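Got a predicted model here, sequence first, then my questions.
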Amino acid sequence: MMLSSAGRHTVVILNDFGTVNGGAAKVAIESAYGLAGRGHHVSYFCAVGPTDRRLHEAGVEVVCLDQPASLDDPNRARGAVRNLWSSAAAQRLAGYLARKPGGVVHIHGWCKALSPSALWTVRNSGLPAVVTIHDYFLACPNGALFDYRSNKNCPLRPMSAACIARNCDKRSYAMKAFRVLRQTIQNSAMNGAHTPWHFAAVSQFALNKIAPFLPKPHTASILENPADLVRLPPAEPARSNLYLAAGRLSPEKGFDVFAAAAARAGVRATIIGEGECRSGVAAANSSLEMPGWLEHAEFVTRLREARALIFPSLWPETHGLVPLEAAAQGIPPIVSDNTAARDWVVDGRNGLHIHAGDIGALAAALERLKDDALVARLGRAAYDDYWAHAPTLAKHVDALEALYESLLLGRAGRPASAGLAAGA
């Protein structure tokens, strides 16, 4: 058993990036300093700097390769080769893990810089490994189980002949072919490992989507993302006429659907964010307000001034932080039924569901929320439900400690926790 006498774990966290640039990095970094705060021996191994100051302040041992993300390498050929196999990551990580014989490895992201070589290195180390399912790259070459050409869920089995032949990538078929090659290398590392991988899905929705395609052998569990938010008094959404959405303006997010539905319903709409679809989204609604990205404090202020939060995503999002932030403020969310948010937003109780991509259904939901009494009731229920089960960092670290101990007990020849679902 690999525990110190004080019950501390040795944990090596792997992620492409050393600073918060998305959901995976946010969770990886917050879990690192949360675990360090409990007295565990935590390392954070990444490829792309700079590294978050909170890691250093918490006493986390930080190893950064100081490489660019593969797509940011000025030498495109070198970046492509490194995306398939980063020799630097493999060599540095192999030596590092050899010095952590009592450790657990927790992997968050590898597709942008660390490459599948990191997975091979972890496999060869023999250390128990956890992989958090932030997206679907474990199974799907484009990481989304989504056809970006049709803007619909992909019905094909990942890496089947039909999948490989299908041009579903948001960029080009050449990029799809490249991703298939990377997936082949990745799958060769993931399948048939002597030590089972443990997959920690951020929602039951995500686990249900990807479970048929996970490498074997494996175990799996649900590990909800932390969302440490400041508790303020509930907002008063019925006093507002503003319908708000926020996120990256990319095709799969469905913001053009929201813009068109808001125009049809004749309601005031704002979308906070930037991205390649800005002009197309703006064209769908001439009165749409688009302030760009905001600092988080200003975003919360805008959110508390809203009547409802719209989450119209087309792709099967694994989690969705923005609807949670809305609920925490007492703002009722309207969420796509093709996202994990549908699992905790109960239609008609603490928010509303709409069918993904259906402008008419969303317009009808916006019309329905012109009822002040309904908005007030949904908003209060959203607030009460969120704070009754708030996914704090402390709860997240509790779950990590239980998971790591279970895996280490199993490795020592004793039964793993009954809470872990075994893969076939």
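Everything's here; your move. Because the structure is predicted, anything quoted here is derived from the model rather than measured. Numbering: from 1, shown residues only.

Would you indicate which residues of stretch 179-187 are buried?
Within stretch 179-187, the residues that qualify as buried are 179-180, 182-183, 186-187, counting by 16 or more other Cβ atoms under 10 Å. C-betas here are computed from N, CA, C, even on glycine.

In CSV, list the residues you listed along with pLDDT.
Below are the buried residues of stretch 179-187 laid out as CSV (pLDDT from 0 to 100):
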residue, pLDDT
Arg179, 98
Val180, 98
Arg182, 98
Gln183, 98
Gln186, 96
Asn187, 95
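
mind checking the SS state of Ala363?
Secondary structure of Ala363, reduced to three states by DSSP: H, G, I helix; E, B strand; the rest coil: helix.

Inside strands: which ones of the buried residues of stretch 179-187?
Among these, no residue falls in strands (DSSP state E).

which one of these is nearest Ala144?
Ranked by distance to Ala144 (Cβ to Cβ), the buried residues of stretch 179-187 are led by Arg179 at 11.0 Å.

distance of the closest one from Val48?
In this structure, Arg179 and Val48 are 19 Å apart, going by Cβ to Cβ, to the nearest Å.

Could you do Pro312 as well?
Counting by Cβ to Cβ, the gap from Pro312 to Val48 is 31 Å.

same thing with Ala262?
Relative to Val48, Ala262 is positioned 37 Å away (criterion: Cβ to Cβ).

Val345 now?
Counting by Cβ to Cβ, the separation of Val345 from Val48 is 34 Å.

Equivalent analysis for Asp72, please.
Taken as Cβ to Cβ, the spacing of Asp72 relative to Val48 amounts to 8 Å.

Among the two, which residue is more densely surrounded?
Val48 (23 against 11; other Cβ atoms under 10 Å).

Could you pull up the residues touching that one?
Shown in contact with Val48 (Cβ atoms under 8 Å, 6 or more residues apart in numbering): 16-18, 64-69, 112-113.

between the residues you listed, which is nearest Ser221?
Asp16 (23.3 Å).

Quick check: that closest one is in a strand.
Yes. When three-state DSSP is applied, Asp16 is found to be in a strand.

begin at 56 from here
With the count now opening at 56, the last piece we talked about shows up as Asp71.

was I right about it contacting Ala173?
No. Between Asp71 and Ala173 there is no contact, the gap being 9.2 Å when judged by Cβ atoms under 8 Å.

Low-confidence regions, the stretch 206-355 of the chain specifically.
Under the criterion pLDDT under 70, no range of the stretch 206-355 of the chain is flagged.

in it, which spans are helices?
Residue ranges of the helices in the stretch 206-355 of the chain, as given by DSSP state H, counting those that start in this stretch, are 216-220, 228-245, 259-265, 310-320, 333-338, 351-359.

Relative to the whole chain's centre, how far out is the longest one?
Pointing back at helix 228-245 there. When distances are taken as Cα atoms, centre = their mean, to the nearest Å, helix 228-245 is centred 21 Å away from the chain's centroid.

Need the residues that contact that helix.
Residues from elsewhere that reach helix 228-245 (Cβ under 8 Å, 6+ apart): 135, 138-140, 166, 170-171, 174-175, 178, 192-193, 195-197, 213-214, 219, 221-224, 252, 270.

for the third one, same thing?
Helix 259-265 is contacted by residues 188, 191, 193-194, 200, 254, 256, 275, 277, 371, 373-374, 394-395, 397-398 when judged by Cβ under 8 Å, 6+ apart.

swap in the first one?
Judged by Cβ under 8 Å, 6+ apart, the contacts made with helix 216-220 from elsewhere in the structure are 196, 209, 211-212, 235.

Could you rerun that using 6 Å?
Applying Cβ atoms under 6 Å, 6 or more residues apart in numbering, the external contacts of helix 216-220 come out as 211, 235.

Okay, buried residues for that helix please.
Within helix 216-220, the residues that qualify as buried are Cys218, counting by 16+ other Cβ under 10 Å.

what about that helix, distance to the chain center?
Once both centres are worked out by Cα atoms, centre = their mean, helix 216-220 turns out to sit 26 Å from its chain's centre.

cool, and the last one?
Counting by Cα atoms, centre = their mean, helix 351-359 is centred 21 Å from the centre of its parent chain.

Correct me if wrong: Ala437 contacts Ala381.
No. Assessed by Cβ atoms under 6 Å, Ala437 is found out of contact with Ala381, at 7.1 Å.

now the closest residue to Phe254 other than its chain neighbours: how far from Pro251?
With Cβ to Cβ, 6 or more residues apart in numbering as the criterion, Phe254 has its nearest non-adjacent residue at 4.5 Å, and that residue is Ala275. Plainly put, Ala275 is 10 Å away from Pro251 if you go by Cβ to Cβ.

residues contacting the residue nearest the centre of the chain?
By Cα atoms, centre = their mean, the chain has its centre lying nearest to His189, at 3.7 Å. Contact criterion Cβ under 6 Å, 6+ apart gives 78-79 as the residues in contact with His189.
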